[in-house]
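**Student:** Build me a structure from this.
(chains A and B)
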Amino acid sequence: MQALGRLPLSLKLPLLAAAMMVLVGAVASQQVLRALAQVQDARVQELAQMHVEGLSVALGPLVLRRDVWEVYDTLDRASQGGEGRRMILTAVADDTGRVLAATDPSRVPMDSAIADLAEGAAALEDLSVGGSDPVLRLLAPLIYQGRMVGEIVTELDVSDLLTERRRALMLLVLGNAVAIGVLAMAGYAAMRQMLRPVSTLARQMTRTEGKPHPIPAAEIPRGDGELARLARTYNAMVGAVAAKAEAEKRLAERERFVALGRLSSSLAHEINNPLGGLLNAADTIRTFSDRPEVVRQSADLLDRGLRHLRDVTRASLDQNRMDMEHRPLSAEDCADLKLLIQPELSRQAQSLDWSVDLPDIPPGLAAGPVRQIALNLLLNASAAAGREGRVGLDASQTGSGLAIAISDNGAGMPQAALDRLLTDAPLSPGGGVGLRLVRDLTLGLGGRIGHERAGGFTRITVSFPGAPDAEG
Amino acid sequence: MNRRALLAGALAAGLAGRARAGPVFRMGLTPVFLDNDATVVDGLREALSRGMGRQIELVQRRTYQEITGLLLERSVDAAWLCGYPYLQHADALGLVAVPSWRGGPRYQSYLIVAAGDPATGLPDLRGGTHAFSDPDSNSGYLVTASDLRRAGERAETFFSRAIFTYGHRNVVRAVADGLVRSGSVDGYVWESLAAIEPALTARTRVIARSEWLGFPPICARRDSTGSEPVLALRRALLGMGDTAEGRQALAALQIDGFQPASDALFDGIAARMRDLEA
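**Tutor:** Have a look, this model is predicted:
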């Protein structure tokens, strides 16, 4: 059945048609044979009845007198007649069941019990040429003058009828085989012809060139049949698919422009964020130019900030370059973050809950992306917290990984912002790209982002797994 | 007187003429020969009719008893009987003629079995089935029955079952077909069958032959043996070999001819009758 299931339709349907023809042929043959059997049974029964009735008339008085010779002589003469060729043996017994005479006395001796011979014998109405036994045995009462005076057992040779039946069966089988063969082949050819468009359709659909191909006009069936409509519909579908692919291509191109816009926006954002801190550092140098340690500290800050800007610029110019920045995260990066955010917090008179507990910073975490993630989130938190609000950063180690939680006591993130941060839903126009950048970077590092709102605080948790080589 | 004599003479002549033309002479036939062969019976009737100068009707019955009865009650004028029923009614019957077969008026009774039967004599047949021809037949019953009596047996108990087939040919068939194991048959009939139906007799084997006994004779009632029709019959029988028709009938019967018979011819049968009744 499974093998049949794997066959192509163009083979399966003709095979099914042939199988149905075989079935029809078998049923028809069965009917013919049954009718033949009925005719034969009726013929044999009629013959046997005539035989028995004839014998009853002839033998009745002889059996009554137990005239063995006359019974034998009558049987013998009857067996010489035309009827005798079918009746190969007839035995007659008296009313005590003892054989008076049989046509073959050597087989059925005088005075033997008729019951021995009658074993397996059928009554007249049950006589049937069924089975393979070429000899039927009949047991019939010998009725004379309305009473049973004895019994007759007759063996009928039905080998000719069996041969006839076998010949009929053979002819039927042969005829059916030829007819079914021819019809099956014709059916196969016709089905093949009819299903050719389906095969063409299947071939065109499964071509490996990457996109479906339309069916050539020459191979579309003429007229307005289902298959012609199917082929035309398929071709229309192929056209639609091609049009969609084209539209997608154009859309992708437009997407690139959007990304470019986002990139530039992000770039401006990233450059703008540390600018306050850097300007502050420059101001400090200017103010405390006589204090070398302050100048050095501010110069270092400037240096780191400018380096970051350089990195950000580089990263913004080439998104991939950012991912490839291999400098590992260090404690200084956390300090930088604090320094970078501090000016914005001061401007808004916000308080900062800073908790960094990283005794052993997990290796393999690139500093650039992590800093950008944390800075973006901090800036967002600061914006959300509002004036004199609270902003917090909690960096801790989780096994071999790192978790950074940024919190604020703002009014909570709007759904659009959460979507940008937590889902891949398309960006709704008008929204910033900072949060989506956080998401992209976090996922790029294999991290996860969590959000919770509890006790008036919004808390965004970004957790990074440890680098694979750090595990071992 | 003269007129009366004349009248009487004319009457007698008229009667005689009518007799020659025709009261049919009825002759009974027992199955002592191949009575089932129509040409044999027809040939015999033609020859006798020509020889007697009158019409002959041959009357056949199934049993000896029936024919003997017809003869005794005058339903037939003469009959071809067997020596046994003749002797049974010797007081009422007279001999007309007796056939001559193989040079003499005698024949034998045969005891036959199937060709493949190992029996060599009557004692071997004990407990088997047996076919007699007719209870009034010498060769087909009396011989075997008296043989058994002489041996202290009875046919009814010696054989498991004995049947009568009422015809010597039937006895041969019954034995040949295996219906019975053995049979008592007229030797003359068996030999005749061997000539015309060798395939039938070849399936049987003669295992015993009786002594030579008187051939079945042609009989008439004792009170009519001297009457004209019977005398004419006697002449026709004895002279049968003189005409081509007669010779043809004799050839069909496979006998030499007919000859006068005496009671002494049947002494052997009489002896067996005595032994059987003893």
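
**Student:** domain ranges for the chain?
**Tutor:** In the absence of a named chain, this looks at chain A. Chain A breaks down into these domains under automatic domain parsing: A:2-174, A:253-471.

**Student:** My question was about chain B, not that one.
**Tutor:** Structural domains assigned to chain B are B:23-105+B:214-265, B:109-210, following automatic domain parsing.

**Student:** just to revisit the earlier point, where among the domains of chain A is average confidence lowest?
**Tutor:** Lowest mean pLDDT within these: domain A:253-471, at a mean of 77.

**Student:** Identify whichever of the domains of chain B lies nearest to A:Gly450.
**Tutor:** A:Gly450 lies closest to domain B:109-210 among those, at 114.2 Å (Cβ to Cβ). Backbone N, C-alpha and C define where each C-beta goes, glycine included.

**Student:** The stretch 51-200 of chain B against chain A: which residues are in contact?
**Tutor:** B:129, B:131, B:160-161, B:163-166, B:170, B:173-174, B:177-180 (Cβ under 8 Å from any Cβ of the partner chain).

**Student:** now, the most widely separated pair of those?
**Tutor:** B:Ser160 and B:Tyr166 (20.5 Å).

**Student:** all helices for chain B, in order.
**Tutor:** For chain B, the helices defined by DSSP state H occupy B:2-21, B:38-52, B:64-72, B:83-88, B:143-150, B:155-158, B:168-176, B:187-196, B:198-201, B:228-238, B:244-253, B:267-277.

**Student:** For A:Met413, grab the count of nearby residues.
**Tutor:** By the criterion of other Cβ atoms under 10 Å in any protein chain shown, A:Met413 has 21 neighbours.

**Student:** Now A:Leu142. Its backbone dihedrals?
**Tutor:** Main-chain torsions, A:Leu142, degrees, to the nearest 10: phi -100, psi 100.

**Student:** How is the residue nearest to it when sequence neighbours are not counted assigned, secondary-structure-wise?
**Tutor:** Of all residues beyond its chain neighbours, the one nearest A:Leu142 is A:Gly150 (4.0 Å), with distances taken as Cβ to Cβ, 6 or more residues apart in numbering or on different chains. With DSSP: H, G, I helix; E, B strand; the rest coil as the basis, A:Gly150 sits in strand.

**Student:** coming back round to it: so which of the domains of chain B is the most surrounded?
**Tutor:** Stretch with highest mean neighbour count among those: domain B:109-210 (a mean of 21; mean count of other Cβ atoms under 10 Å in any protein chain shown).

**Student:** And for A:Leu64, the neighbour number?
**Tutor:** Other residues close to A:Leu64 by other Cβ under 10 Å number 16.

**Student:** who's in contact with it?
**Tutor:** Under the criterion of Cβ atoms under 8 Å, 6 or more residues apart in numbering or on different chains, the neighbours of A:Leu64 are A:Tyr144, A:Val149.

**Student:** neighbouring strands for the one helix or strand A:Ala405 maps to, and are they parallel or not?
**Tutor:** Using DSSP states H and E, A:Ala405 falls within strand A:401-408. With DSSP bridges as the test, strand A:401-408 is paired with strand A:390-398 (antiparallel), strand A:457-464 (antiparallel).

**Student:** Ramachandran coordinates for B:Val180?
**Tutor:** Taking degrees, to the nearest 10, you get phi -130, psi 160 for the backbone angles of B:Val180.

**Student:** Tell me who's in contact with it.
**Tutor:** B:Val180 neighbours (Cβ under 8 Å, 6+ apart): A:Pro105, A:Met110, B:Gly128, B:Thr129, B:His130, B:Ala131, B:Arg161, B:Ile163, B:Ala174.

**Student:** From chain B, how far off is the closest residue to A:Asp357 other than its chain neighbours?
**Tutor:** Of all residues not flanking A:Asp357 in the chain, A:Ser396 sits nearest, at 4.9 Å (Cβ to Cβ, 6+ apart). Distance of A:Ser396 to chain B, computed by Cβ to the nearest Cβ, to the nearest Å: 122 Å.

**Student:** For A:Ser396, list each beta-bridge partner.
**Tutor:** Under DSSP bridges, the beta-bridge partners of A:Ser396 are A:Asp357, A:Ala403.

**Student:** What count of nearby residues applies to it?
**Tutor:** Neighbour tally, A:Ser396, other Cβ under 10 Å: 14.

**Student:** cool, and the one 3 residues further on?
**Tutor:** For A:Gly399, the number of neighbouring residues by other Cβ under 10 Å comes to 10.

**Student:** now the one 4 residues further on
**Tutor:** A count of neighbours around A:Ala403, defined by other Cβ under 10 Å, yields 17.

**Student:** could you point out the longest strand in chain B?
**Tutor:** Longest strand of chain B, by residue count under DSSP state E: strand B:93-100.

**Student:** Need the contact partners of it.
**Tutor:** B:71-72, B:78, B:81, B:86, B:105, B:214-222, B:224-225, B:230, B:233-234, B:237-238, B:253, B:255-263, B:265.

**Student:** Can I get that strand in PDB, CA atoms only?
**Tutor:** Provided in PDB are the C-alpha atoms of strand B:93-100 (Å, rounded to 0.1, in the frame of the first residue of the first chain):
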ATOM      1  CA  LEU B  93     -46.400 -86.700 -21.800                       C
ATOM      2  CA  GLY B  94     -44.900 -88.600 -24.700                       C
ATOM      3  CA  LEU B  95     -41.700 -88.200 -26.600                       C
ATOM      4  CA  VAL B  96     -41.900 -86.900 -30.200                       C
ATOM      5  CA  ALA B  97     -38.200 -86.500 -31.100                       C
ATOM      6  CA  VAL B  98     -34.900 -85.600 -29.600                       C
ATOM      7  CA  PRO B  99     -32.100 -83.500 -31.100                       C
ATOM      8  CA  SER B 100     -28.800 -85.000 -32.000                       C
END
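
**Student:** in stretch A:374-390, what counts as buried?
**Tutor:** A:374-385, A:389-390 (16 or more other Cβ atoms under 10 Å in any protein chain shown).

**Student:** which ones among those residues are found in helices?
**Tutor:** Under the assignment DSSP H, these contribute A:Ala374, A:Leu375, A:Asn376, A:Leu377, A:Leu378, A:Leu379, A:Asn380, A:Ala381, A:Ser382, A:Ala383, A:Ala384, A:Ala385 to helices.

**Student:** B:Glu211: what's it in contact with?
**Tutor:** Here B:Glu211 is in contact with B:Gln108, B:Gly268 (Cβ under 8 Å, 6+ apart).

**Student:** Look up the closest residue to A:Leu365, ignoring the ones flanking it.
**Tutor:** Distances taken as Cβ to Cβ, 6+ apart place A:Leu329 nearest to A:Leu365, at 4.5 Å, with adjacent residues excluded.

**Student:** Same check on B:Gly239?
**Tutor:** For B:Gly239, the closest residue by Cβ to Cβ, 6+ apart turns out to be B:Gly51, at 6.2 Å.

**Student:** The one you found reaches B:Ala236, doesn't it?
**Tutor:** Yes: in this structure B:Gly51 lies within contact range of B:Ala236 using Cβ atoms under 8 Å: 2.8 Å.

**Student:** related to what we said a few turns ago, residues near the residue nearest to A:Leu142, how many?
**Tutor:** For A:Gly150, using other Cβ under 10 Å, the count is 27.

**Student:** Surely it is in contact with A:Arg98?
**Tutor:** No: counting by Cβ under 8 Å, A:Gly150 does not reach A:Arg98; the two are 9.4 Å apart.

**Student:** List the buried residues in stretch A:172-188.
**Tutor:** In stretch A:172-188, counting by 16+ other Cβ under 10 Å, buried: A:Leu172, A:Asn176, A:Ile180, A:Leu183, A:Ala184, A:Gly187, A:Tyr188.

**Student:** Show me what it is in contact with.
**Tutor:** The contact list for stretch A:172-188, computed with Cβ under 8 Å, 6+ apart, reads A:Pro14, A:Leu15, A:Ala17, A:Ala18, A:Met21, A:Val22, A:Gly25, A:Ala26, A:Ala28, A:Ser29, A:Val32, A:Leu33.

**Student:** now could you export just the CA positions of that stretch as PDB?
**Tutor:** Below are the C-alpha coordinates for stretch A:172-188, written out as PDB (Å, rounded to 0.1, in the frame of the first residue of the first chain):
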ATOM      1  CA  LEU A 172     -13.100 -16.900 -18.900                       C
ATOM      2  CA  VAL A 173      -9.700 -16.300 -17.200                       C
ATOM      3  CA  LEU A 174      -8.000 -16.200 -20.600                       C
ATOM      4  CA  GLY A 175     -10.600 -14.000 -22.200                       C
ATOM      5  CA  ASN A 176     -10.700 -11.800 -19.100                       C
ATOM      6  CA  ALA A 177      -6.900 -11.600 -19.000                       C
ATOM      7  CA  VAL A 178      -6.700 -10.600 -22.700                       C
ATOM      8  CA  ALA A 179      -9.600  -8.100 -22.400                       C
ATOM      9  CA  ILE A 180      -8.300  -6.700 -19.100                       C
ATOM     10  CA  GLY A 181      -4.800  -6.500 -20.500                       C
ATOM     11  CA  VAL A 182      -6.000  -4.600 -23.600                       C
ATOM     12  CA  LEU A 183      -8.300  -2.400 -21.600                       C
ATOM     13  CA  ALA A 184      -5.700  -1.700 -18.900                       C
ATOM     14  CA  MET A 185      -3.200  -0.700 -21.500                       C
ATOM     15  CA  ALA A 186      -5.700   1.500 -23.300                       C
ATOM     16  CA  GLY A 187      -6.700   2.900 -19.900                       C
ATOM     17  CA  TYR A 188      -3.100   3.400 -19.000                       C
END
